[in-house]
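Engineer: Mind folding the following:
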Amino acid sequence: MTPFLTLPDALSPEDCDRVIALASAGPMRDAGLVRQTTEHRIRRAEIAWLDDLPEGGWVMDRMIGLVARANRECMGFDLTDFGESAQIARYGAEREGHFDWHSDIGEGQLASRRKLTVVVQLSDPGDYEGGALELWPDSHVRTAPRARGLATVFPSFVLHRVTPVTAGTRWSLTLWAHGPAFR
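Structural biologist: All right, here's what the predicted structure looks like:
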């Protein structure tokens, strides 16, 4: 198993613009942690849930095929569903947007079933500074490529973070594929 997979053309630049426009037009709220807690030392961003945005269904349709391909080519996990909505995140320099080291598997009915995490880079890399998606799958920290429309797919138990955005705005789309507990 490779620690993560990158898929360069998950979304076109036009698709990225459409997703950002959907999130910008809808209500965005302060990003929290599990159980609706907020801790800005750990995470500072605004989010919108794709299921709450009208006309966003096409995004999930596209992502389902992408996850199936990534799982087939690289991970080989027992996946059964997408139990929660995809999340669009905005990390702005005005708040030093970031998300410290964490894994996506956690307590709770849905978080405990997460198997694959997919993060799609929606922003053009020249639109911001900082904001690197870093993964720590083994003894080496790796930085995910920043190409617009690129998806980084990794097991949800892998530690990862988004470093503070120091200029501009970083937008991303994150979703999780679920399945039975690892054994």
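Engineer: alpha carbons only for contacts and neighbour counts from here, please
Structural biologist: Fine.
Engineer: All the strands of the chain, residue numbers only.
Structural biologist: Secondary structure of the chain by DSSP state E: the strands cover 5-7, 29-30, 43-44, 46-49, 87-92, 98-102, 114-121, 128-130, 133-136, 142-143, 151-155, 159-162, 165-178.
Engineer: Where among those is average confidence lowest?
Structural biologist: For the strands of the chain, mean pLDDT drops lowest on strand 29-30, to a mean of 84.
Engineer: mind listing what that strand pairs with, with the direction of each?
Structural biologist: Within its sheet, strand 29-30 is paired with strand 46-49 (antiparallel), according to DSSP bridges.
Engineer: Give me the contacts around the partner strand.
Structural biologist: Outside of strand 46-49, the residues within contact range by CA atoms under 8 Å, 6 or more residues apart in numbering are 23, 26-31, 85-91.
Engineer: Relative to H140, how far out is the residue nearest the centre of the chain?
Structural biologist: In the chain, the C-alpha nearest the mean C-alpha coordinate belongs to T174, at 2.5 Å (CA atoms, centre = their mean). Using CA to CA, to the nearest Å, T174 is found at 23 Å from H140.
Engineer: Repeat that for L116.
Structural biologist: In this structure, L116 and H140 are 20 Å apart, going by CA to CA.
Engineer: do the same with R170
Structural biologist: 24 Å.
Engineer: ok, now which ones touch S123?
Structural biologist: If a contact means CA under 8 Å, 6+ apart, then S123 has 16, 148-149, 169-172 as its contacts.
Engineer: if you skip the residues just before and after it, what's nearest to it?
Structural biologist: Excluding its sequence neighbours, the residue lying closest to S123 (CA to CA, 6 or more residues apart in numbering) is W171, at 5.3 Å.
Engineer: before we move on, what about V118?
Structural biologist: Closest to V118 by CA to CA, 6+ apart is V153, at 4.5 Å.
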